[in-house]
Structure formats: structure tokens, C-alpha cells
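Enquirer: I'll drop the sequence and a predicted model, then ask my questions.
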Amino acid sequence: MKYLHGLNDAQQRAVLAKDGPVSVLAGAGSGKTRVLTTRIYHLIREGVPANRILAVTFTNKAAREMRQRVRGMLQDRSIERDQEGLGEIPFIATFHGLGRELLESYGKVIGIPRFFSVYDRDDSEKVVAAALKALDVEAKELSPRTVLGRISREKGNGVRVQEFAEKYARGGFGNRIVGLAWERYEKKLREEKALDFDDLIALPVRMLEEHENVRMLAQDRWRYIHIDEYQDTNALQGRLANILSAKHRNLFVVGDIDQTIYTWRGATIENLLAFDKDYPDAKTIVLEQNYRSTKNVVDAANAVIEKNKNRKKKYATTDKAAGEPIRVHVARSAEDEARWIALKIRQLLREGHKPEDIAVLFRTNFQSRALEEGLLRAGVPYRILGTRFFARKEVKDALAWMRLALDPSRETDKLRAAASPPRGIGRVTLGKLVAGERVMLRAGEKAKVEAFESIIEELARAAIVLLPSEFVKLVVEKSGMRRVLFDEGSTEDRERFENVEELASVAVRHDHVPGKEGIAAFLAEAALASDQDEMDHPSKDSGQGKEKKGVTLMTVHAAKGLEFDTVFVSGMEEGLFPHQGMDEKERDAEEERRLFYVAMTRAKERLILTLALVRKIYGSDYLSEPSSFLADIDPSLLVFDEGEEIITA
């Protein structure tokens, strides 16, 4: 079979393991995406209908890439030989995309409307903040983000608001307030006909467990199920995978315990650790060949991760050359560290390296300030995964208009759209509408409201027939955003308008489904976008406007699943990386080590570790010691700068 050419023995075994439960332990850079896509293609070649295959990934970006790869294989005549392209591709989505599909298909049995809205994290945090304010709780006592995080973890464990509220009705202040805020939060979601991220997993699980007829339909719909990054699933996601695969038992999971870095977000390493206990007849296949990194990087990463005890044994190998030694640079201060990194990058750019092939990783967000300033001063173009594209004000304004066209009753969107662009409708006026007091409106207020509602009605009619990308353009025109931001706007406004225009480019992905179905799918993608999805969108460079190409700055967590020719890992200081905020439990300490392992294995050709002798934290200077992780690496793999290296400007 030609499509198996180039796969090593372990990869081929994984591809050909057709029936029954299979776990693939895939090390960093071991080609797991190729294995997944080739296996899906193999199943189709073996006669499994594409619509009976499901694949779940963790980011929209990864799902899109997998769909493109599978589609490319199905249409490649050199693989198909004399056959015509096989055409249809399986359902490939994130867990949240899968949950949305289940609720849209079967959610009527639990009262979920066909076109529901999805709150993103910003929406949810605002509602929780309002709930806390109503409870007379100040942010310094209990922040909205903290409360939302607790609600999210509880939902991820399958806990319902009633259960939590009853359990802690007489508990401590924090838990009691979380319960009360959660009740208000759920009430608001119901009023807005909206769900949040966690509902997209919790509600499908509840629906499948409580409604046998729906469960049977879903189990027969997808007979072969693939789960990528299985080590990052939480308890509820694990339950969803087990429910869907219970009848046919064709569950194929891929994961790497050594890359479990999201336990603070509810992920449980136990799903992968206990897979062979849950499925005693499961095949286990280990992918140890690293195709990404040089031998020096692979050997150093092995040395670091082998110190962890809570893992399944795996030792990465590579056929690549040793490559450059891992460089360690010691700077006097965080500012000097940032300056050295920036000048080193400029040197690499002069040597012909592309900025998009370089990444600077940091453990905590506060480190980005000095790094950005260093790159700005050196004139190095960069992009930082910080403010998400879909979280920008002008983008959220346009999305609010679109959601209103599908459901004019959403109070939150109505408040936002009425003020963006401004049209003389204040919150007091809207408050009268929401309260059903239209008769209380003055003549001038009534005229403005009727004009606003007329636009929404026109958009609602258009949403029935237009392609999603065409609908975005109509929204921009009819709402007045083009006039305010582009025709009459400043230079800064025009740059913001470019972000609104970019929405149409994103919406094109859903143009194969015209009308409300496609628009709803686009809105769901916007709500469920992750940090890595931002790499598909323009970002600001060093003050020169829109720039798609540049050095990437991001946290190590955000770098998961990515790779770069050159990787800088900054802040290699004890207390910073590993982070001193971690508890002294073995599991937490091991997660910091896994996080460093992830950082190291992003590098293909060149890994550079930097640290500062003095770092200012919360306004005070602290003397630093080198990270204990550095001592785990064989000194023969490292080269330390001697003294202060001078890089000419």
C-alpha cells in the first residue's frame, strides 16, 4: 500500500490496527498527526464510510490541518491510482465542536434550541462579575476569573450547579459565594439562550447518559473514534469518549503523558494512564522516533523528562545529526536578557533565517513586557499571542450583530450592537425595552429603536440565504461599522476595520453551508477559538501596522503542538521555571518538568536557554539562581556564554 511508504514499523502498526481499542503513546515530534490522518484514510480505503469516522483534536487550527491532510490524501490520484477521489471526509473537530454538533443534532430532547449562542470566556467573566457585584462581593475578595475557573472545573468534573450550591450552602465564604454566583450565571445563560464552553461537554454527556435512544443514534453514527492529545482530556471528556465508543469499542487514542501540562485547567493524566485498565484488550503502540529535533535537543529532553516518576516509559530517538549544542546565556537583568535575545535574533535574521521560524517562550505573562521592549528597540518584527483576534472589541461588535440576526432576543448582544457604532440609544432606553416598557419611550427614542430593529430584521432575512462570508460583509455595511471605522475613521480606526474585514476571510471556511447553518457554524468557531488559532490572523508588529510574519512570543503553554527552527526559552531561573507558585506535591513538580520538556521539544534545529541574575518582580529586585532543570542536562550538550557576550548592533 503506497500510502504506508515512509512510515516506520510502529507507525504502520498504529495505522493498520483497525478494530478494537488502541492507545498510541506518541513522543514529541513522532509524527502522530501523520499516523492519525493515514489511519483515517486507511479506514476509508478499507470500506468504512467517511461519515462513520470521528476524529477529535484540541484546537480549531489542528482540526483544520487534519481535515486538509485527509482531504489531500483522498484527492491524490498518485495514491488512489486508478480510483477517483473518494470525496467525503469524516467529522473532524475539537471536543467543543463535537459537543456543539451533538447538541445541534439531538439537543431538542433536553430543551436546547437549534441555534444557540456560545459564550466565550470574556462573555462568561462579565456575567460572573455582574453576579458578584449583585452579591456585594468585591473583586479583591473574590475575582470573577477565580470564580469562573472554579465553575469551569466543577462542570468539567460533571458537577451541576444545584449539587454544588446545596453542598456548600452552609460552607465557607468562598464556596458559598461561588454557588450563589453560579446560580445567577446559569440563570443569565438560560435567559440569553446561550451555553458556555463547559456546557458543550457537560450537556452532551448528560443527554447521552439519560436518553438511550439518542445514545444509540450517536454510537451508530460514529463507529470509529479517534481522540488526539488524550492526556489533556478532563474527566467529562473521557466519559464522552467512552460513551460514544461503548457499542463498537473502536476507540483510538493518541497521547503523551510527558506533555500533560493542563491539569490546572481540569485535564487528568489518569485517562491515558488507566486506558489499558479500562480496556484490558487494548493494543498499546509506542512512537519513539523523533523526526523534529536534532539529537542534542532529543537527548537533553530525554534527560529532563526521565526524572519524572508518574509516566509510562518511553525513550525518544532520532536519526538526525547532533546539531548545535544547547546554548545557555546568563544576563545581568531581565532587560539585558531581552536585549541579548533581540540582538541574537537580529543576527539570525541577517544570516537568512525567517522570523516566523523563531519563537521566544516564557513561563509567565509578566515576562513578555521586557521581551517586547527588547524586540521593539532592535527593530525585530514580532507577534505575540496575547489579545485574541476574536476578543478584539471591533470583532466582538461585529459578532454581536451577527448573533442578533439569528436570535434578536439576546439582551447582551442588543446592548453591544446598539452602541457599536453609537446611534443614540443608551442603556436606559434599552433597559425599558428589556423590561417590556416600550410605551415609556419618548418619540425620539422610539424612532432610533425602530431604525435599529429594522436593520436587525433586514439582517435576519438575509441570514436565511446568504453565504457566511457575504453575510459578514452585509453586517459591516448595514451596522454602520464601515462608515465609522473606514470612511470617517482615523488611521487607527482603519486598522481596526482591517480586523473586521478579516472576519469575512474566516467566514469563507463555512461558505459550503449557506444560510443560518453556516453562519451558526462560523459563530461557534469564533467563540471556541484558542490562542493558537490566532496564528492564522494578522497581529501587530513593532508599530508598523498589520504584520503576518514575525518572531512569535508566547507562553510555553500556548506553544503546545507547535514547532520552530529556533526556540529561545527565557527566564530559566529557580522559582520562575520551575515556577515557585507550584505546590510541593510530586504531581505539581512533575508538571513543571513536563512543561519544560514541551518547551525544549518545540525546537527543530536550535535551542537557546536564557536567564537573568537579577529580575524585578512586583517592583522589587530579586537575585536569581539558575533553574534546577539545567542540572538535569548532560553538560556535554550545553555551551555557556563566558562573560557578557557582545553582539554588534
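Expert: Here it is on my side, so go on. Fair warning: this is a prediction, and the values are worked out from it, not measured in the lab.

Enquirer: make it CA atoms for all contacts and neighbour counts henceforth
Expert: OK.

Enquirer: now do the contacts for I305.
Expert: Counting by C-alpha atoms under 8 Å, 6 or more residues apart in numbering, I305 touches D258, R593, R594, Y597.

Enquirer: out of those residues, which sit inside helices?
Expert: Those of the contacts of I305 mapping onto helices are R593, R594, Y597, per DSSP state H.

Enquirer: ok so, going back, would you point out the most distant pair within the contacts of I305?
Expert: Spatially, the most separated pair among these is D258 and R593, at 8.7 Å (C-alpha to C-alpha).

Enquirer: more neighbours: which of the two?
Expert: Each of D258 and R593 has its neighbours counted (other C-alpha atoms under 10 Å); D258 has more, 27 against 23.

Enquirer: dump the contacts of I305 into CSV; add distance to R311 and pLDDT as well.
Expert: Conversion of the contacts of I305 to CSV gives the following (distance: C-alpha to C-alpha, whole Å; pLDDT from 0 to 100):
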residue, distance to R311, pLDDT
D258, 7, 88
R593, 12, 94
R594, 10, 94
Y597, 13, 96
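
Enquirer: quick one: the strands in the stretch 501-649 of the chain?
Expert: Assigned by DSSP state E, counting those that start in this stretch, the stretch 501-649 of the chain shows strands spanning 539-540, 546-547, 551-555, 564-569, 603-617, 620-623, 638-640.

Enquirer: in TSV, list those along with distance to Y291.
Expert: Listed next are the strands of the stretch 501-649 of the chain as TSV, based on distance: least, C-alpha to C-alpha, whole Å:
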stretch	distance to Y291
strand 539-540	30
strand 546-547	30
strand 551-555	22
strand 564-569	13
strand 603-617	9
strand 620-623	39
strand 638-640	21
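
Enquirer: quick check: D9 vs A527, distance?
Expert: Using C-alpha to C-alpha, to the nearest Å, we find D9 at a distance of 40 Å from A527.

Enquirer: and those two? Which one has more around it.
Expert: A527 (22 against 11).

Enquirer: now the helices for the stretch 401-550 of the chain?
Expert: Along the stretch 401-550 of the chain, counting by DSSP state H, counting those that start in this stretch, helices occupy 411-418, 427-434, 443-463, 468-479, 481, 491-507, 515-527.

Enquirer: which pLDDT value belongs to the residue of the chain positioned farthest from its centre?
Expert: What lies farthest from the middle of the chain is A443; by C-alpha atoms, centre = their mean that is 47.4 Å. On the pLDDT scale, A443 is placed at 86.

Enquirer: could I get the helices of the stretch 401-550 of the chain as CSV with distance to Y622?
Expert: Below are the helices of the stretch 401-550 of the chain laid out as CSV (distance: least, C-alpha to C-alpha, whole Å):
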stretch, distance to Y622
helix 411-418, 45
helix 427-434, 48
helix 443-463, 56
helix 468-479, 50
helix 481, 48
helix 491-507, 39
helix 515-527, 40
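
Enquirer: that older thread, how about the strands of the stretch 501-649 of the chain, which one is nearest N157?
Expert: N157 lies closest, by C-alpha to C-alpha, to one member of the strands of the stretch 501-649 of the chain: strand 551-555, at 26.3 Å.

Enquirer: residues making contact with the closest one?
Expert: The contact list for strand 551-555, computed with C-alpha under 8 Å, 6+ apart, reads 355-365, 368, 380-386.

Enquirer: picking up where we left off before, could the contacts of I305 go into CSV alongside distance to R332?
Expert: Output for the contacts of I305, formatted as CSV (distance: C-alpha to C-alpha, whole Å):
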residue, distance to R332
D258, 33
R593, 25
R594, 28
Y597, 26
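
Enquirer: from those residues, pick the one nearest G424.
Expert: Nearest to G424 among the contacts of I305: R594, at 53.6 Å, using C-alpha to C-alpha.

Enquirer: that closest one and G20: what is the separation?
Expert: Distance, R594 to G20, using C-alpha to C-alpha: 30 Å.

Enquirer: now the helix or strand that contains L348, how far from the centre of its chain.
Expert: Per DSSP states H and E, L348 falls inside helix 334-350. What separates the centre of helix 334-350 from the centre of its chain is 29 Å, taken as C-alpha atoms, centre = their mean, to the nearest Å.

Enquirer: give me the mean pLDDT for it.
Expert: Taken as a whole, helix 334-350 has an average pLDDT of 95.

Enquirer: now stretch 273-290
Expert: Stretch 273-290 comes out with an average pLDDT of 92.

Enquirer: gap between the two ends of it?
Expert: From the first residue to the last, stretch 273-290 extends over 22 Å; the measure is C-alpha to C-alpha.

Enquirer: ok, and what's touching that stretch?
Expert: Residues outside stretch 273-290 that contact it (C-alpha under 8 Å, 6+ apart) are 10-11, 13-14, 20-32, 257, 298, 311-312, 314-319.

Enquirer: now do the buried residues in it.
Expert: L273, F275, D276, A282, K283, I285, V286, L287, E288, Q289, N290 (16 or more other C-alpha atoms under 10 Å).

Enquirer: do the same with stretch 294-314
Expert: For stretch 294-314, by 16+ other C-alpha under 10 Å, it's 294-306, 308, 311, 314.

Enquirer: report the distance from that stretch to the chain centre.
Expert: Mean C-alpha position of stretch 294-314 versus that of the full chain (C-alpha atoms, centre = their mean) differs by 26 Å.

Enquirer: okay, that stretch in PDB with CA atoms only?
Expert: Provided in PDB are the C-alpha atoms of stretch 294-314 (Å, rounded to 0.1, in the frame of the first residue of the first chain):
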ATOM      1  CA  THR A 294      18.400  17.400  16.500                       C
ATOM      2  CA  LYS A 295      20.000  14.700  18.500                       C
ATOM      3  CA  ASN A 296      21.300  17.200  21.100                       C
ATOM      4  CA  VAL A 297      17.800  18.500  21.700                       C
ATOM      5  CA  VAL A 298      16.300  15.000  21.900                       C
ATOM      6  CA  ASP A 299      19.000  13.700  24.300                       C
ATOM      7  CA  ALA A 300      18.600  16.800  26.600                       C
ATOM      8  CA  ALA A 301      14.800  16.400  26.600                       C
ATOM      9  CA  ASN A 302      15.100  12.700  27.500                       C
ATOM     10  CA  ALA A 303      17.400  13.600  30.400                       C
ATOM     11  CA  VAL A 304      14.900  16.100  31.800                       C
ATOM     12  CA  ILE A 305      11.700  14.100  31.500                       C
ATOM     13  CA  GLU A 306      13.200  10.800  32.800                       C
ATOM     14  CA  LYS A 307      13.300  12.400  36.300                       C
ATOM     15  CA  ASN A 308       9.500  12.100  36.400                       C
ATOM     16  CA  LYS A 309       8.100   9.000  38.000                       C
ATOM     17  CA  ASN A 310       4.400   9.300  37.100                       C
ATOM     18  CA  ARG A 311       4.700   8.300  33.400                       C
ATOM     19  CA  LYS A 312       4.800   5.400  31.000                       C
ATOM     20  CA  LYS A 313       8.400   4.600  30.000                       C
ATOM     21  CA  LYS A 314       9.400   6.000  26.600                       C
END
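
Enquirer: quick one: mean pLDDT over it.
Expert: The model assigns stretch 294-314 a mean pLDDT of 92.

Enquirer: try stretch 212-221
Expert: 96.

Enquirer: how far does that stretch sit from the chain's center?
Expert: Centre-to-centre, stretch 212-221 and its host chain are 28 Å apart (C-alpha atoms, centre = their mean).

Enquirer: now swap in stretch 17-25 and tell me
Expert: Centre-to-centre, stretch 17-25 and its host chain are 26 Å apart (C-alpha atoms, centre = their mean).
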